[in-house]
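Novice: Coordinates for the following, if possible.
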Amino acid sequence: TTVSPFKYDEFLLSIWEEQKQTDNAYAKKRREEDELKARADQSRGTWEDIYRNSKRASHAKNDVHERDDRELERTGQPLCIYEPYSGEGAWPFLHVGSLYRGASLATRGRRRGTDDVDASSRLPLLSNPYYRNALGEFGALFAIANLVDPLHKNAWIGFQSWRATARK
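Specialist: Numbering: from 1, shown residues only. Modelled structure (predicted):
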């Protein structure tokens, strides 16, 4: 029995195609293994070193030396910035986010649906309009400081006037 030359060529071609697919699969697998080995062999250091190096790189790249809200939230430190305000007129200028909380000096001017602090209930002296006007935004600072332990244990607390945002 003789095999036709066309059938023989088709047979050889199928063997070569199969061999080429096998070689490509081995080459791809070898490349992936080399990449994984290169990644695994690198010493990265501690998490603190990695974080510090990434911060240096981002500061050098962006030339930014101020901390933004997201960076402060990422550090894992409990942080809260209070914005003292008195009345509804300041609402549009207050920040909205997990980093900021309002401290209302007016008993009736609190925002609904927020976790703003009522400064006059925390410091009864602020219920008197004379002292509330005399102390101004410092009254909210004293109200937060008056009962700081139940609110924040070992926290960073900051204060920022709503007027700072209004000026921008």
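
Novice: Helices of this protein, start to end?
Specialist: Using DSSP state H, the helices of the chain run over residues 5-41, 47-62, 69-74, 119-122, 129-135, 138-146, 148-151, 162-167.

Novice: quick one: the top strand by length along the chain to chain centroid distance?
Specialist: Longest strand of the chain, by residue count under DSSP state E: strand 79-85. Strand 79-85 sits 18 Å away from the centroid of its parent chain (CA atoms, centre = their mean, to the nearest Å).

Novice: Partner strands of that strand, with direction?
Specialist: Strand 79-85 has the following strand partners under DSSP bridges: strand 100-104 (parallel), strand 156-159 (parallel).

Novice: Which of those has the lowest mean pLDDT?
Specialist: Here the strands paired with strand 79-85 differ in mean pLDDT, and the lowest is strand 156-159 at a mean of 68.

Novice: Distance to Ala38 and mean neighbour count added to the strands paired with strand 79-85, as TSV?
Specialist: C-betas here are computed from N, CA, C, even on glycine. Below are the strands paired with strand 79-85 laid out as TSV (distance: least, CB to CB, whole Å; neighbours: other CB atoms under 10 Å):
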stretch	distance to Ala38	mean neighbour count
strand 100-104	44	22
strand 156-159	40	14
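
Novice: Quick one: closest of those to Asp49.
Specialist: Among these, strand 156-159 comes nearest to Asp49, with 23.3 Å by CB to CB.

Novice: mind checking the end-to-end distance for stretch 146-160?
Specialist: End-to-end distance for stretch 146-160, by CA to CA, to the nearest Å: 18 Å.

Novice: again, but for stretch 80-91
Specialist: End-to-end distance for stretch 80-91, by CA to CA: 18 Å.

Novice: Over that stretch, what's the mean pLDDT, rounded is fine.
Specialist: 82.

Novice: got it, and stretch 9-23?
Specialist: Confidence over stretch 9-23 (mean pLDDT, whole number) is 90.

Novice: swap in stretch 132-140?
Specialist: Averaging pLDDT along stretch 132-140 yields 87.

Novice: So which bits of it are buried?
Specialist: Buried residues in stretch 132-140, counting neighbours by 16 or more other CB atoms under 10 Å, are found at 132, 135, 137, 139-140.

Novice: again, but for stretch 81-94
Specialist: Across stretch 81-94, burial judged by 16+ other CB under 10 Å covers 81-86, 90, 93-94.
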